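Engineer: How does the following fold in three dimensions:
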Amino acid sequence: MEFSQMSRQQRLPDPYRPEAAIVSSYLKGLEGALDWASASVLAQPWVQAVRDNPPPFWAMESLLKEYPISSAEGLALMRLAEALLRVPDAETAIALTADQLGRADFATASDGAMARLSASAIALSKKFLPEGGQSSIMSKLGAHTVVAATLRAVQLLGRQFVLGQTINEAMKEANSSRKQVANLRFSYDMLGEGARTDADALHYLASYENAIKSIAVTADAARACEQNDGISIKLSALHPRYEDAQHARVMAELVPRVWGLCKQAAVANINLTIDAEEVDRLELSLEVFEALAALVAEHHPNWRGFGLALQAYQTRALDVIEHVISIGRKYKLRLMCRLVKGAYWDFEIKRAQELGLPHYPVFTHKHHTDVSYLACAQALLNAPDAIYPQFAGHNAGTIAAILQMASRTKTTDVGATSQFELQRLHGMGEGIYREVMKNPGIACRVYAPVGAHRDLLAYLVRRLLENGANSSFVHQLADESVGMDLLLTSPLRLESETSLPLPPLLYGPDRLNSQGLDLTVENMRAPLLAALKTAQVPVVPEFDAKSVAGPITTGASSYQKWSKVPVAERAAVLRRAADAMQQQMPHFCALLVKEAFKTWGDAVSEVREAIDFLRYYANEAERIMQPISLPGPTGETNELRLSARGVWVCISPWNFPLAIFTGQIAAALATGNAVLAKPAEQTPGVALAAVKLLHAAGVPEGALQLLHGPGETVGAALVAAPGISGVVFTGSTQVARIINRALAAKDGPIVPLIAETGGINAMLVDSTALPEQVVDAVVQSAFRSAGQRCSALRLLCLHEGIADAVIAMIGGAVQELVLGDPADLATDVGPVIDREAFNGIVQHVARLSSQSNRPSALEIRAKIAINSEANQMPNLVPPFAVEVARIADVTQEIFGPVLHIVRWNSAPEAVIDQINALGYGLTLGTQTRIDTRAQALAAGAHVGNIYINRNMIGAVVGVQPFGGEGLSGTGPKAGGPHYLYRFCSEQTVTVNTTAAGGNVALLSAHA
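Structural biologist: All right, here's what the predicted structure looks like:
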């Protein structure tokens, strides 16, 4: 069967369901299966033994006791472990070390061995490291010494959590451990980030192949597969586009790669486990897993080493367990199943909030995750015909509960030497397992990272964060002030509410967060695809620019009435419009895809932004338009009031034909103004649909009129006409200048202009930045939306020390992008807006190619796997990047998927000065692990929006108010607390209360 042609179906319930109902059902299922009081009694001696005889000072428990993650010292160690080993240049290494250690006080640590190491290697920083960026030769010599010592300390830290830098070194360490502890097995995990390029994926594939070959040498063919060592693999490391939207490519390209590893492992009689990934990849992982299970059943039916890791913190955890059991029974296999609590909790929480999903896909109470873990364990133990359970964890109470449930489970002899095994991470939980493993009938597998110390960073920080949290068992185990009863408290209880506000309530009860969609969930994306089939872009007649006086007169008349409507009623109208737009999201998304060539992800985000504008400005209008009493002398009152200005012209662009269009209108209407809305001539259909929705919500037709036509005729006529009280414009700097001149040349009142224009938006990357994170941010910022965003990245400034590697990775990542029809879920980059834009971009690219002496050669390789007709889409511009010699060589914004790259090796402040000299000031990105540097660069940059260690696009209403300075706009920032004031006139009313006979209040007080 061609796996790329497999039909798709949703295998699991939606992940976004009420948490309490799920936990309640789990608790009912555990009734009678578990006696927590007895389990706690079993665990208490383990805990006491660890506290009486603590593990070595490098072990996690001791490390957390010495330097809790919540402390400045623990945070400094974590940051240094994450970044220091990858910094190639001494100056940056010194700056990073000074930055992190400068805020910590290692001298206050206790008198343990860890403290003594700190005193000799780390605490010296206060004496030698430069401050303020200036230092003498002697201080630099001292700084180098301290950095070298700190590097050594971080390497020692890494050795405790990485079993070996090579597979052979790791196996040697494993054999040494086995001499001390019986029934010890290992699962080797080759360290590394997920692949961003196909070259990365092939590198990881070769690493896995070599590891299996090495493990096979020592594997015992006569033993049960479960007893041999094995390997853990990460699917995202084996394919650069391991995403649900790239399903066809994943099934066609990834499955054969993984099957090759499975065949190797099966022949060697070792086990191979597929590691767990993020929630949005779960359905895809299950599809890949089942495809491989079918191959295993066909070619190696007696191999019992194929497995999958499952995360108990997911609200669908038990559903996943039941599905995996069904796979095992369907193909008559006994599958290994590693049950973990989960490693990406904070990421899943943030993603759900950012997407505005109805619930979280993970449990928000730690003890709910523990309940889920126990429910999943029970299900695994009850399916010995299909599952060999592997219980991973370091919580003594959970381990005791597992042992109790296993002893109560009625199982059938299936020939296994053991009913199950326990698992722990290398370097963690050693104290507890030292006690547990005194029972010779218990087997334990160590999950053992393997790789160079510089590659450990992401893994190590994740482990430190998980186990260093105040609520974690490992952290509390080291804290003797936490009593035994509290440490082993039963998790078998239900909290009726989440411990976090649900994503719709992220901004509090007074403003709902717009609700989004998870496009990886079939039931959520289905309404969008259905709407696409029926949506028709409306035809909008062009307005005759010569007739502009009529709409202005109508608007002025309507303004007189609309401005007198109480602000609360105007706000209610906008909220009704927001609710209606939320209900009609599929329809508006389909219009954006058809008329503006938006991809589905961009379309959903834009509808949400429009909804957020309506709700935010409704709230802001109610806030600012209340009269304010001002102080003054006795005998008078002073009151400041805001009122509408009149008729506003709102000119919006085609790149955000709904969000910016709606935001401009909502701001003017909320403050009582009338609006003449001139949409972009390329996207009038979306604008018309929005206007009809606002009218239906209660906006008078005279207060909001749509005037469609070319900017040079209709737009120019509106700006030049008398009777206009203000203009709000988003578009090019050139057009903003024309509008500004036209307004200045008019007789009569001075008319305000709010302009948000273009930018040569830069990202500065120093050598502490994680290359994979940089590449993700660059590709998203420069090429998402075909580069047609005001905030898109135009200029990438890379530190010389990492430039070659990062440029190569960007090139590989760009080659994995899919160009094509935006209606296809697999498409990453759709067409630019029209032929004029296409021709202009192509001409710019040709000029850049001819002028560049160091082209990056980032040519796209289109991979249209689903819809071959997408190759015929007009106006597709392949993403392009080119190196330039100097920042000053980038003199104009190219509004498309075009990126300029420049290398730097001077002071980063000098780079910011050169960026400022360009004259634009819209967005800036910085990628650095040096916190003081990030803040200093932000302070020195003349830009409106600064993004640190993330992408530069997707400003959220009320969260990242958007707008620039200089050539990038006038301000105030859209979606911010100052925006509505520009739409208002201010009036102060002073009343002399003594005019009618004296100051009664004052005289009464005196009497």
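
Engineer: going forward, measure contacts between C-alpha atoms and count neighbours the same way
Structural biologist: Will do.

Engineer: Show me the strands in the stretch 901-1007 of the chain, by range?
Structural biologist: Here the stretch 901-1007 of the chain has its strands, by DSSP state E, counting those that start in this stretch, at 923-927, 945-948, 984-992.

Engineer: which residues sit against stretch 719-727?
Structural biologist: With contact meaning C-alpha atoms under 8 Å, 6 or more residues apart in numbering, stretch 719-727 is reached by 548-549, 552, 556, 645-651, 718, 739, 742-743, 746, 751-754, 983.

Engineer: Next, count neighbours for residue 506.
Structural biologist: 16 (other C-alpha atoms under 10 Å).

Engineer: Assign the residue nearest to it when sequence neighbours are not counted to helix, strand or coil.
Structural biologist: The shortest distance from residue 506 to any non-neighbouring residue, by C-alpha to C-alpha, 6 or more residues apart in numbering, is to residue 513 (6.3 Å). Following DSSP: H, G, I helix; E, B strand; the rest coil, the label given to residue 513 is coil.

Engineer: Tell me which residues touch residue 513, please.
Structural biologist: 356, 503-507, 612.

Engineer: Could you export the residues you listed as TSV, including secondary structure and distance to residue 828?
Structural biologist: Shown next, in TSV, are these (DSSP: H, G, I helix; E, B strand; the rest coil; distance: C-alpha to C-alpha, whole Å):
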residue	secondary structure	distance to residue 828
356	coil	22
503	helix	26
504	helix	27
505	helix	30
506	coil	29
507	coil	30
612	helix	25
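
Engineer: Quick one, which of the residues you listed are buried?
Structural biologist: 356, 503-506, 612 (16 or more other C-alpha atoms under 10 Å).

Engineer: now, which of those residues sits nearest residue 278?
Structural biologist: In terms of C-alpha to C-alpha, no member of the buried ones among the contacts of residue 513 lies closer to residue 278 than residue 356, at 17.3 Å.

Engineer: For that closest one, give me phi and psi.
Structural biologist: phi 70, psi 40 (degrees, to the nearest 10).

Engineer: now do residue 676
Structural biologist: phi -110, psi 110.

Engineer: okay, it: pLDDT?
Structural biologist: For residue 676, the model assigns a pLDDT of 98.

Engineer: Neighbours of it, how many?
Structural biologist: Residue 676 has 25 nearby residues by other C-alpha under 10 Å.

Engineer: wait, doesn't it sit right on residue 704?
Structural biologist: Yes. Between residue 676 and residue 704 there is a contact under C-alpha atoms under 8 Å: 6.1 Å.

Engineer: Find the residues that touch each one of the two.
Structural biologist: With C-alpha under 8 Å, 6+ apart, residue 676 and residue 704 have common neighbours residue 555.

Engineer: how about low-confidence regions in the stretch 351-500 of the chain?
Structural biologist: Counting by pLDDT under 70, the stretch 351-500 of the chain shows low-confidence ranges at 410-418, 456-458, 460, 462-471.

Engineer: ugh, wrong one, I meant the chain
Structural biologist: In the chain, residues with pLDDT under 70: 1-8, 55-69, 104-141, 410-418, 456-458, 460, 462-471, 852-872, 1007.

Engineer: Roughly how far does the spatially most central residue of it sit from residue 508?
Structural biologist: Note on the chain: the residue nearest the mean C-alpha position is residue 351, at 5.7 Å, using C-alpha atoms, centre = their mean. Counting by C-alpha to C-alpha, to the nearest Å, the gap from residue 351 to residue 508 is 18 Å.

Engineer: do the same with residue 541
Structural biologist: For residue 541 relative to residue 508 (C-alpha to C-alpha), the value is 42 Å.

Engineer: same question, residue 306
Structural biologist: 47 Å.

Engineer: which of those two has more neighbours?
Structural biologist: Shown here are residue 306 and residue 508; by other C-alpha under 10 Å, residue 306 has more neighbours (26 against 12).

Engineer: and the gap between residue 753 and residue 665?
Structural biologist: 15 Å.

Engineer: which of these two has more neighbours?
Structural biologist: residue 665 (27 against 22).

Engineer: got a list of contacts for whichever strand or helix holds the more buried one?
Structural biologist: For residue 665, the element it lies in under DSSP states H and E is helix 659-670. Contact partners of helix 659-670, identified using C-alpha under 8 Å, 6+ apart, comprise 567, 570-571, 574, 606-607, 609-610, 613-614, 617-618, 621, 648, 650-653, 674-675, 677, 679, 687, 690, 703, 728, 730, 974-975, 979-980, 983.

Engineer: at 7 Å what do you get?
Structural biologist: 570-571, 606-607, 609-610, 613-614, 617-618, 621, 650, 652, 674-675, 679, 728, 980, 983 (C-alpha atoms under 7 Å, 6 or more residues apart in numbering).

Engineer: swap in stretch 758-769?
Structural biologist: So stretch 758-769 is contacted by 83, 86-88, 92, 731-733, 790-799, 801-802, 892-893, 920-929, 968 (C-alpha under 7 Å, 6+ apart).

Engineer: Just the buried positions in stretch 158-165, please.
Structural biologist: Under 16+ other C-alpha under 10 Å, the buried positions of stretch 158-165 are 158-159, 161-165.

Engineer: filter the contacts of stretch 758-769 to the buried ones?
Structural biologist: Applying 16+ other C-alpha under 10 Å to the contacts of stretch 758-769 flags 83, 86-87, 92, 731-733, 790-799, 801-802, 893, 920-929, 968 as buried.

Engineer: what are the ranges of the helices in the stretch 751-900 of the chain?
Structural biologist: 771-783, 800-815, 835-851 (DSSP state H, counting those that start in this stretch).

Engineer: In terms of secondary structure, what does the second one contact?
Structural biologist: Under the contact definition 3 or more C-alpha pairs under 7 Å, 6 or more residues apart in numbering; DSSP states H and E, helix 800-815 sits against helix 771-783, strand 898-904.

Engineer: give me the element the residue nearest to residue 164 when sequence neighbours are not counted is part of.
Structural biologist: In this structure, residue 164 finds its nearest non-sequential neighbour in residue 170, 4.0 Å apart by C-alpha to C-alpha, 6+ apart. Here residue 170 sits within helix 167-178, counting by DSSP H and E.

Engineer: for that helix, packing partners?
Structural biologist: Looks like helix 167-178 contacts no helix or strand (3+ C-alpha pairs under 7 Å, 6+ apart).

Engineer: Now the element after it, going C-ward?
Structural biologist: strand 184-190.

Engineer: Next, the buried residues of the helix or strand residue 283 falls within.
Structural biologist: In this structure, residue 283 is located in helix 282-299 according to DSSP H and E. Counting neighbours by 16+ other C-alpha under 10 Å, one finds that the buried residues in helix 282-299 are 282-297.

Engineer: now the helices and strands packed on helix 800-815 in TSV, with distance to residue 259 and mean neighbour count?
Structural biologist: What follows is these, written out as TSV (distance: least, C-alpha to C-alpha, whole Å; neighbours: other C-alpha atoms under 10 Å):
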stretch	distance to residue 259	mean neighbour count
helix 771-783	26	22
strand 898-904	38	23
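
Engineer: Tabulate those (JSON lines), appending distance to residue 100.
Structural biologist: Listed next are the helices and strands packed on helix 800-815 as JSON lines, based on distance: least, C-alpha to C-alpha, whole Å:
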{"stretch": "helix 771-783", "distance to residue 100": "20"}
{"stretch": "strand 898-904", "distance to residue 100": "24"}
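
Engineer: Looking at the ones you listed, which is nearest to residue 73?
Structural biologist: Closest among those, once you apply C-alpha to C-alpha, is helix 771-783, at 25.0 Å.

Engineer: How about the contacts made by the residue nearest to residue 164?
Structural biologist: 163-164, 450.

Engineer: Stretch 741-752: end-to-end distance?
Structural biologist: Start-to-end, stretch 741-752 (C-alpha to C-alpha) is 12 Å.
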